[in-house]
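>>> sequence first, predicted model second:
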Amino acid sequence: MSASISLHGVTLDYAIYSVRAQSLRNAVLNMAVGGKLMRSANDVTVVRAINNVSFERLGLGGHNGSGKTSMLKILAGVYEPSTGVVRVEGRVSSMISMSIGLDHDASGLQNIKNLAMMQMMSKKEIARRLPGIVEFSELGAYIHMPFKTYSAGMMARLTFAVATAMDADILIMDEWLGAGDAEFQRKATTRMAGLVDNAKIVVIASHDDKLIERVCNKVMVMDGGRATFFGDTEEWLRLKA
Amino acid sequence: MSIVRRFGSAIDDLVAGIRLAPLWWRVGIEQTIARYRRTLLGPFWLASSTIATAFSLAVVFGSIFGSSLAESFPFIMSGVVAWSITGGMLAEGASVFTSGAGIMQVQKLPLTFHSFLQINRMMINFAHQIVAFWVVMLLLRMFPLPHWQLLLSIPLVAATAVMFSIPIGMLATRYRDINYLVGFIGQALFMLTPVFWRKAQVAPKARWIADYNPFAHLLEIVRQPLLGHPAPLNDWIASVAFFVAVAILAVVSLALFRRRVVFWL
């Protein structure tokens, strides 16, 4: 199956609700005064009019709050755009946040199973991949201990091992994943490189220009929700220089 | 977006939710285990609280209404057990999206997945309560052989709860007051629904509180079969009608707000 992503006229805006706007009392009051109060809910456009975009290796650049993560979430299908069409074909693996769904009282092994389950792995597939994941995490006997007893590095190694265990056509990442001490970092880098090579489409949001240069052939720079630049990496490098 | 497309995607969402049954089934079991990890009785703690409630109510109200404990205890306990999924859908439904917030913000899942997951957990707890009910009845040598209608009423109540959780969950996510409101409405409904009293015991003037209360009918279609009797036809009709009404409400609210719920979290 071929994988593809294309965007046409994509815009995302949503209302940011203040504490006041989220209460029922204000909604009722609001009705009484004819909708004047609700103006305190600001409609914020986080992604504006991204048109006719398709790519294979995309790097998303831009400052904090420029709309990179919103863009990733649109691509991952977490947000549906207000207008426009997002077409995504292929098995998507989104690594926007890996810590969701961790159970600190459960063993590492159980947590691997839980995370894999949420990645839509079947029981069989989990059973098949489990030894590999455990081995990669290098947790040894700790794998049977409760997750809360792990050091931060061990926790990161476990989630990294699960996140990178499945093959995906489309890889969506918020910053490059890495974990652990120097030695594990090397292993992780190799693993990530393999994953990126095998994926048909990669989208990575990053502040690391070197990384984008290495991995991506297309770059989108965002500012205030707008794509201020979209083009080949070479062109982007030339403009920057 | 055109209205037809909106309804189309609402139905798609529902179908996708049903198709994810293997996932919400496994996650529901896992979350139940996680919640009771390191406890001795696990979900039977909930069941014990049901027994305790039923027993206290039976002692007090049995004597007030002048009926023996042997008569009132099975009636009240089956009522409290049945209430956990009928009246229980209020509180469960209200928290459906707020409890799924973490996953919703990072992973693409149909909105109805969270409803199925939540109600699945509710049904798992209910299964424990039913077991507790049967064990207690066996010990008291009062075991009622369940009526086959139970096999229809439990799926109907579960389906109603899933549908019900969508509009109420949306409302409670958008307006945070609703959660608290639902808490006290649930408490009031528990008293106003014939859980531990019989409709025949109240004055005819006041019987409308049971007649116009959809939860009273849902309760009956679960309780009567639990006690070994078929439920009256009018309770079945009212329950099916309630299901249809909330299903329509669910599809309409999905069509209108499905896309926005994630921004309300």
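Done, it's in.
>>> figure out how far stretch A:130-145 is from the centre of its chain.
In terms of Cα atoms, centre = their mean, to the nearest Å, the centre of stretch A:130-145 is set 25 Å apart from its chain centre.
>>> what residues are up against the nearest residue to B:V80 once chain neighbours are set aside?
Closest residue to B:V80 apart from its sequence neighbours, by Cβ to Cβ, 6 or more residues apart in numbering or on different chains: B:A54 at 4.5 Å. C-betas here are computed from N, CA, C, even on glycine. Residues counted as contacts of B:A54 (Cβ atoms under 8 Å, 6 or more residues apart in numbering or on different chains) are B:73, B:76-77, B:79-81, B:196.
>>> so for the host helix or strand of B:A54, mean pLDDT?
Using DSSP states H and E, B:A54 falls within helix B:44-64. When pLDDT is averaged over helix B:44-64, the result is 88.
>>> mind listing what's buried in it?
Across helix B:44-64, burial judged by 16 or more other Cβ atoms under 10 Å in any protein chain shown covers B:44, B:46-47, B:50-51, B:53-55, B:57-58, B:61-62.
>>> next: stretch A:208-218.
Across stretch A:208-218, burial judged by 16+ other Cβ under 10 Å covers A:212-213, A:215-216, A:218.
>>> pull the most distant pair out of the residues you listed.
Taking Cβ to Cβ as the measure, the buried residues of stretch A:208-218 span a maximum distance of 11.8 Å, between A:E213 and A:K218.
>>> between those two, which contacts overlap?
Contacts common to A:E213 and A:K218, judged by Cβ under 8 Å, 6+ apart, are A:59, A:233.
>>> give the residue spans of chain B that score low on pLDDT.
Along chain B, the parts satisfying pLDDT under 70 run over B:1.
>>> what do you get for chain A?
By pLDDT under 70, the low-scoring segments of chain A are A:1, A:18-22, A:30-43.
>>> ok and the residue in it nearest chain B?
A:G77 (3.3 Å; Cβ to the nearest Cβ).
>>> what's around residue 165, how many residues?
Since no chain was named, I'll use chain A. 23 (other Cβ atoms under 10 Å in any protein chain shown).
>>> that answer is for a different chain, and I need it for chain B
28.
>>> my guess is it meets B:M89, correct?
Yes. At 6.8 Å, B:S165 and B:M89 qualify as touching, with contact defined as Cβ atoms under 8 Å.
>>> spit out the residues that contact the two alike.
Counting by Cβ under 8 Å, 6+ apart, the contacts common to B:S165 and B:M89 are B:I119.
>>> please name the bridge partners of A:S93.
Taking DSSP bridges as the rule, A:S93 bridges to A:L171.
>>> not counting its neighbours along the chain, what's nearest the residue nearest the centre of chain B?
Geometric centre of chain B, nearest residue: B:I85, 2.6 Å, by Cα atoms, centre = their mean. Once flanking residues are discounted, B:I85 sits nearest to B:F126: 4.8 Å by Cβ to Cβ, 6+ apart.
>>> what's the helix or strand for the one you found?
Using DSSP H and E, the element containing B:F126 is helix B:111-139.
>>> mind giving me the packing neighbours of that helix?
helix B:3-19, helix B:21-35, helix B:44-64, helix B:69-86, helix B:88-94, helix B:96-99, helix B:150-174 (3 or more Cβ pairs under 8 Å, 6 or more residues apart in numbering or on different chains; DSSP states H and E).
>>> generate CSV for these, with distance to A:A141 as supplementary columns.
Shown next, in CSV, are the helices and strands packed on helix B:111-139 (distance: least, Cβ to Cβ, whole Å):
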stretch, distance to A:A141
helix B:3-19, 39
helix B:21-35, 22
helix B:44-64, 32
helix B:69-86, 41
helix B:88-94, 40
helix B:96-99, 34
helix B:150-174, 42
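>>> right, and the ones you listed - which one's nearest A:T164?
Nearest of the helices and strands packed on helix B:111-139 (Cβ to Cβ): helix B:21-35, 21.0 Å.
>>> and that closest one, what other elements does it pack with?
Helices and strands in packing contact with helix B:21-35 are listed as helix A:108-118, helix B:111-139; criterion 3+ Cβ pairs under 8 Å, 6+ apart.
>>> and the lengthiest strand in chain A, how far out from the chain middle?
Looking across chain A with DSSP state E, the single longest strand is strand A:4-16. Here strand A:4-16 is found 16 Å from its chain centre; the criterion is Cα atoms, centre = their mean.
>>> before we move on, what about stretch B:65-74?
So, by Cα atoms, centre = their mean, the centroid of stretch B:65-74 is 25 Å from its chain's centroid.
>>> give the buried residues for whichever strand or helix holds A:A156.
Using DSSP H and E, the element containing A:A156 is helix A:152-163. Residues of helix A:152-163 classed as buried by neighbour count (16+ other Cβ under 10 Å): A:154-163.
>>> how about that helix as CSV, C-alpha atoms only?
This file holds the C-alpha atoms of helix A:152-163, laid out as CSV (Å, rounded to 0.1, in the frame of the first residue of the first chain):
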residue,chain,number,x,y,z
ALA,A,152,13.7,8.7,34.8
GLY,A,153,16.2,7.2,32.3
MET,A,154,14.7,3.7,32.7
MET,A,155,11.2,5.1,32.2
ALA,A,156,12.3,6.8,29.0
ARG,A,157,14.0,3.7,27.7
LEU,A,158,10.9,1.7,28.2
THR,A,159,8.6,4.1,26.4
PHE,A,160,11.1,4.5,23.7
ALA,A,161,11.4,0.8,23.1
VAL,A,162,7.6,0.5,22.7
ALA,A,163,7.1,3.6,20.6
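>>> mind checking if it is in reach of chain B?
No. Figure legend: helix A:152-163 not in contact with chain B (Cβ under 8 Å from any Cβ of the partner chain); closest approach 11.6 Å.
>>> for the residue of chain A closest to chain B, what are its contacts?
Taking Cβ under 8 Å, 6+ apart as the test, what A:G77 contacts is A:86, A:88, A:92, B:108.
>>> in a markdown table: those residues, plus neighbour count.
Formatted as a markdown table, the contacts of A:G77 follow (neighbours: other Cβ atoms under 10 Å in any protein chain shown):
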| residue | neighbour count |
| --- | --- |
| A:V86 | 19 |
| A:V88 | 20 |
| A:V92 | 21 |
| B:K108 | 16 |
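>>> ok, the single nearest residue of chain B relative to chain A - contacts?
Residue of chain B nearest chain A, by Cβ to the nearest Cβ: B:K108 (3.3 Å). Applying Cβ under 8 Å, 6+ apart to B:K108 gives the contacts A:76-78, A:92, A:94.
>>> nearest to B:T173, out of those: which one, please.
Nearest member of the contacts of B:K108 to B:T173, counting by Cβ to Cβ, is A:V78, at 15.6 Å.
>>> sorry, back to before: who wins for neighbours among the contacts of B:A54?
For these, neighbours were counted using other Cβ under 10 Å, and B:M77 has the most, 28 neighbours in all.
>>> ok, and the closest non-adjacent residue to it?
Nearest in space to B:M77, with sequence neighbours left out and distances taken as Cβ to Cβ, 6+ apart, is B:A54 at 3.7 Å.
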